[in-house]
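Novice: Sequence and computational prediction follow.
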Amino acid sequence: MAVATGNNAPGLPQPVFESLLQRIEGDLLAAIKAAPGYSLLYEPSEELLRYCRDLLAGGKSGNSVKDWRCVMNKRIALSYKEKPQELVWLDDKLEQVDRTSALLKGERHLPLLGHTDKGDAVGLKKLSQKLRACSQPVVVKPRHGSNSKHVFLWPKPQEVDATALEESVLKASESHDKSWGKESWNQNAVPKGVLLQPMYASLAEFLHGAQGGEAQADHHAFERGVCPKYLRPLELKVQVLFGEVVGAQLNTHPQYLWVARDGSLHLWDQTAEGFQTRHAKEPEELPQELVNPLRETLQEHWQRLRCDSEQLAKLAGLDEIRVDWLLGDPKWGPRIGELTHLGTFAIELMP
């Protein structure tokens, strides 16, 4: 039996795995109740509906190896077949900024300092010049990317060789990663380009209080477009189904904790029998000093994160969406890092 530590109030006895799952099922039930009559931007195809009906009925698609990941893979496969143009904006790092601001009547992402398209020589030159002139920590990233690939961090761009900065802009605009081939058609339909945004405080800064640019930096990694885990921001992936938040987990340590619908934090016992599945990777150790600051951040901001995430899903007409919130930067406060589908709501996560 896997045991979790309940952190919803001081002094509460530690609930067992089953009671937590009952609570999580109750959170999921809120989404199920909201589904009938829910207004969708893009209606699912009959092929997908038939697949889901067969799975639920235990028919030809419903054997014991079928799970959420199978449904996700089916939807990805169908996206290449159906090519739903209405959903491309959801994976477009440029368009989602403006669309979210319009829907929620205010800025939620980090501001865009500049952007340009692949192959636009004039635009790339101007963006490189803007990058060289930046006096604040900034990030160069693909408009069309995911999984933190080809993201260039520049804590002090004015102290970096101009050629390296120009190359980062060019590489981000043209970048491709083999992992993107496994993503939905929507993401791969995003026009290639590059964005320039302020750098959000890193997880290392959140944990140890290092100032922007003073956290340990691997500039060779920056120049390769590699973003080391602890130089990424603290990122909470909020899962929304039919306009209702059903839970959240950390980007860097998805198997260690779960944030319930009410904002309470639960830590999973990594030593419990059967905790690791045959699909799971060996999880990296969760820094214990992260738990209390994260709990305090959730106590202060969770209601806003949940409200904004739910409103965004409803106003956009999305049956499912993952809103990735960046946390812990005293200057910017909580900000949306990106929007996407529930790709990480899969078998390697707990629960």
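Specialist: Thanks, I have it.
Novice: What is the burial count for Ala35?
Specialist: Counted by other Cβ atoms under 10 Å, the residues lying close to Ala35 total 12. C-beta here means a position set from N, CA and C on the backbone, and glycine is covered the same way.
Novice: how about it, what does it touch?
Specialist: 241-242, 319 (Cβ atoms under 8 Å, 6 or more residues apart in numbering).
Novice: The protein: helices as residue ranges?
Specialist: 17-34, 46-57, 68-82, 95-104, 121-133, 162-174, 185-188, 203-208, 219-224, 291-316 (DSSP state H).
Novice: Just give me the lowest mean pLDDT stretch among the ones you listed.
Specialist: Lowest mean pLDDT within these: helix 219-224, at a mean of 48.
Novice: one step back: how about the helices of the chain in CSV, adding mean neighbour count and distance to Asp262?
Specialist: As requested, the helices of the chain are exported to CSV (neighbours: other Cβ atoms under 10 Å; distance: least, Cβ to Cβ, whole Å):
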stretch, mean neighbour count, distance to Asp262
helix 17-34, 15, 8
helix 46-57, 14, 28
helix 68-82, 16, 22
helix 95-104, 17, 22
helix 121-133, 16, 42
helix 162-174, 19, 39
helix 185-188, 20, 31
helix 203-208, 20, 23
helix 219-224, 14, 38
helix 291-316, 17, 8
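Novice: any chance of those helices in CSV, plus distance to Ser264?
Specialist: Below are those laid out as CSV (distance: least, Cβ to Cβ, whole Å):
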stretch, distance to Ser264
helix 17-34, 9
helix 46-57, 30
helix 68-82, 23
helix 95-104, 25
helix 121-133, 42
helix 162-174, 38
helix 185-188, 32
helix 203-208, 20
helix 219-224, 36
helix 291-316, 8
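Novice: between those helices, which one is nearest to Arg261?
Specialist: Arg261 sits nearest to helix 17-34 of all these, at 3.9 Å, using Cβ to Cβ.
Novice: I'd like to know which elements that closest one is packed against.
Specialist: Helices and strands touching helix 17-34, by 3 or more Cβ pairs under 8 Å, 6 or more residues apart in numbering; DSSP states H and E, are strand 4-6, strand 234-241, strand 244-250.
Novice: repeat that with 6 Å
Specialist: Using 3 or more Cβ pairs under 6 Å, 6 or more residues apart in numbering; DSSP states H and E, the elements in contact with helix 17-34 are strand 244-250.
Novice: Give me the contact list for the strand it packs on.
Specialist: With contacts defined as Cβ atoms under 6 Å, 6 or more residues apart in numbering, strand 244-250 is touched by 27-28, 30-31, 34, 236-239, 258-259, 261, 306, 309-310.
Novice: Next, the angle from that strand to strand 234-241.
Specialist: Strand 244-250 and strand 234-241 are oriented at 150 degrees to each other (axes from the mean of the first three to the mean of the last three Cα atoms, to 10 degrees).
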